[in-house]
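Peer 1: pasting the sequence and the predicted model now:
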Amino acid sequence: MRTQVAIVGAGPAGLLLAALLHRAGIDSVVVEQRSPEYVLGRIRAGVLEQVTVDLLDEAGVSARLHAQALVDDGFMVSFGHRVQRIDLYRLTGKRVRVYGQTEVTRDLMDARAAAGLKSVYEAADVAVHDFDGTHPHVTWTKDGVEQRLDCDFIAGCDGFHGVCRASVPAGAIRTYEKVYPFGWLGLLADVPPLAHELLYANHARGFALASLRSRTRSRYYVQCSLDDRVEQWSDDAFWAEFRRRLPAELAERLVTGPSIEKSIAPLRSFVAEPMRFGRLFLAGDAAHIVPPTGAKGLNLAASDVGLLARALAEHYAGSAEGLDRYSERALARVWKAERFSWWFTSLMHRFPETGEFGAKMQIAELEYLCSSTAAQTCLAENYVGLPLVT
Ligand code: FAS
Ligand code: PHB
């Protein structure tokens, strides 16, 4: 088997890259270790930047998004008894769309299947070879049969725990990491959301986030201990804790109901440099992780593959500059999103180790945010997303 670009991973990064390459007339094969159902069953991101929407438009997979996504002009921040709306559109002229990562992935999967393009699911023992040489290739086992895919390039879109970054010699890669001392307990329920705009709550008991997937499906989170197990949290316990962390006027409006999904995610900031190793290119969570507070994870994956797809198209048109500068350009945007996600996480969560002084600093910064258009604009322009090439 041979293709121009072998893509490892069928999450949003891998599937969007494949779609963009197809639009550019470049052949690819996607190799995924899990089943399509498993990939779609992972409940993750919910907010799309305009840059991501533009890339989904370019890939020709955004019809359902434009028909169903909620368009938000702002979001709310609460602390103590205060609620402050951040008016994204007035401050930046941009909006965000609320449309679950599961739906983005489903749209990409459906488009790839409709075009009859090759994806291999439930591939076992995936390995990448000779990406530093002249015969890069990917191998795997499927139904007990060893497979080999020869290619010009390999795109490592296989997430934080994938095989591609792990295959890079230790001396060729440098990583930066911060692990946060808490997790997010997330709950999905078919109940009407608190509001059509998101609410980020800084509360003495811990952070909470009220998000949504539609006018009838809500996605809520509470900061929890890393020692917590999801089995310990009954729905009633979640609802009681979530309600405690909401401002009074919104707590009254909370509609509860049975969870259809509940999970705990650890939070970390992580970057691997560079994002290119010979003919292997890393994109998305394979190269970087952000705490989800800033809603950047999925959007960074999209911007990585937007840059990579353009660079590969330039290569096949005869110019090497895009591939040579891919890592530099992608990391320029990644590090700014890492900073914003770390800052917003530090502002909104309880950090017991920083004590009363740390809590006072958070309140002082939140009160400054409420009083300053400049501070709100800084938050807003990062939240709606910086330009693709910064
Ligand atoms: P993904 O991890 O989505 O996809 C990688 C794919 O590669 C997976 O399908 C995996 O099965 C496959 N793979 C792994 N190893 C492989 C191998 N050896 N061979 C073949 N395939 C392999 N972001 C937000 O913006 N908001 C959120 O609320 C949010 N919540 C999150 C919760 C969790 C638990 C996690 C882990 C992430 C969350 N994120 C969130 C970030 C998330 O949305 C990612 O940024 C996004 O999934 C990145 O997409 P990919 O880079 O495609 O990686
Ligand atoms: C979500 O809807 O899952 C979501 C939204 C915004 C975030 C994190 C998660 O910052």
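Peer 2: Okay, I see it. Numbers count the residues shown, from 1 in each chain. Ligands and ions are numbered 1, 2, ... in the order given.

Peer 1: for the residue of the stretch 1-150 of the chain found nearest ligand 2, give me its contacts.
Peer 2: At 2.3 Å from ligand 2, G46 is the closest residue in the stretch 1-150 of the chain, using C-beta to the nearest ligand atom. Just so you know, the C-beta spots here come from the backbone N, C-alpha and C atoms, and that holds for glycine as well. Residues near G46 by C-beta atoms under 8 Å, 6 or more residues apart in numbering: 98-101, 211-213, 219, 295.

Peer 1: reformat those residues into a markdown table and put distance to P136 and secondary structure next to each item.
Peer 2: Output for the contacts of G46, formatted as a markdown table (distance: C-beta to C-beta, whole Å; DSSP: H, G, I helix; E, B strand; the rest coil):
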| residue | distance to P136 | secondary structure |
| --- | --- | --- |
| V98 | 39 | strand |
| Y99 | 35 | coil |
| G100 | 34 | coil |
| Q101 | 29 | helix |
| S211 | 40 | strand |
| L212 | 42 | strand |
| R213 | 39 | coil |
| R219 | 39 | strand |
| A295 | 34 | coil |
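
Peer 1: burial count for the residue of the stretch 1-150 of the chain found nearest ligand 1?
Peer 2: Per C-beta to the nearest ligand atom, G11 is where the stretch 1-150 of the chain lies closest to ligand 1, at 2.2 Å. Neighbour count for G11, taken as other C-beta atoms under 10 Å: 25.

Peer 1: contacting residues for it?
Peer 2: Contacts of G11 by C-beta under 8 Å, 6+ apart are 39, 105, 157-159, 284-285, 301.

Peer 1: and the gap between it and A208?
Peer 2: According to C-beta to C-beta, to the nearest Å, G11 stands 27 Å off from A208.

Peer 1: could you point out the longest helix of this protein?
Peer 2: Using DSSP state H to define each element, the chain has its longest helix at helix 321-348.

Peer 1: would you mark the buried spots in that helix?
Peer 2: Neighbour-count burial for helix 321-348, with 16 or more other C-beta atoms under 10 Å as criterion, is recorded at 322-323, 325-327, 329-331, 333-334, 337-338, 340-348.

Peer 1: what's the mean pLDDT across it?
Peer 2: Mean pLDDT, helix 321-348: 98.

Peer 1: does it come close to ligand 2?
Peer 2: No - for helix 321-348, no contact with ligand 2 is found by C-beta under 6 Å from any ligand atom; the gap never falls below 8.2 Å.

Peer 1: how far off centre is that helix?
Peer 2: Centroid displacement of helix 321-348 relative to its chain, using C-alpha atoms, centre = their mean, to the nearest Å, is 13 Å.

Peer 1: and it, what other elements does it pack with?
Peer 2: strand 199-202, strand 259-273, strand 276-277, helix 297-316, helix 355-371, helix 373-383 (3 or more C-beta pairs under 8 Å, 6 or more residues apart in numbering; DSSP states H and E).

Peer 1: quick check: angle from it to helix 373-383?
Peer 2: Between helix 321-348 and helix 373-383, the angle comes out at 130 degrees (axes from the mean of the first three to the mean of the last three C-alpha atoms, to 10 degrees).

Peer 1: and helix 321-348, does that touch ligand 1?
Peer 2: No - Helix 321-348 lies out of reach of ligand 1 by C-beta under 6 Å from any ligand atom, never closer than 9.0 Å.

Peer 1: just the angle between that helix and helix 297-316, please?
Peer 2: Using the same axes, to 10 degrees: helix 321-348 against helix 297-316 is 170 degrees.

Peer 1: ok, now how distant is L212 from F242?
Peer 2: 14 Å.

Peer 1: that older thread, now do the same for the residue of the stretch 1-150 of the chain closest to ligand 2: its pLDDT.
Peer 2: Taking G46 on its own, its pLDDT is 91.

Peer 1: just M1 next, same as before
Peer 2: 95.

Peer 1: which parts of the stretch 101-250 of the chain sit against ligand 1?
Peer 2: 101, 123, 126, 157-159, 162-163.

Peer 1: what residue in the stretch 51-200 of the chain comes nearest to ligand 1?
Peer 2: G159 (2.8 Å).

Peer 1: okay, now that residue: neighbour count?
Peer 2: 22.

Peer 1: how about the contacts made by T52?
Peer 2: T52 makes contact with 298-299, 302-303, 385, according to C-beta under 8 Å, 6+ apart.

Peer 1: and it, what element?
Peer 2: helix 50-59 (DSSP states H and E).

Peer 1: what about that helix, near ligand 1?
Peer 2: No - taking C-beta under 6 Å from any ligand atom as the criterion, helix 50-59 and ligand 1 are apart, separated by no less than 10.0 Å.

Peer 1: report the beta-bridge partners for G156.
Peer 2: Note on G156: beta-bridge partners V8, L282, judged by DSSP bridges.

Peer 1: repeat that for A124.
Peer 2: Here A124, judged by DSSP bridges, has bridge partners T141.

Peer 1: I figured G186 hits C224, correct?
Peer 2: No - G186 is beyond contact range of C224, at 9.8 Å (criterion: C-beta atoms under 8 Å).

Peer 1: could you report the neighbour count for Q50?
Peer 2: 16.

Peer 1: circling back to that earlier point, now do the longest helix of the chain against helix 355-371, angle only.
Peer 2: For helix 321-348 against helix 355-371, the angle by the same axes, to 10 degrees is 110 degrees.
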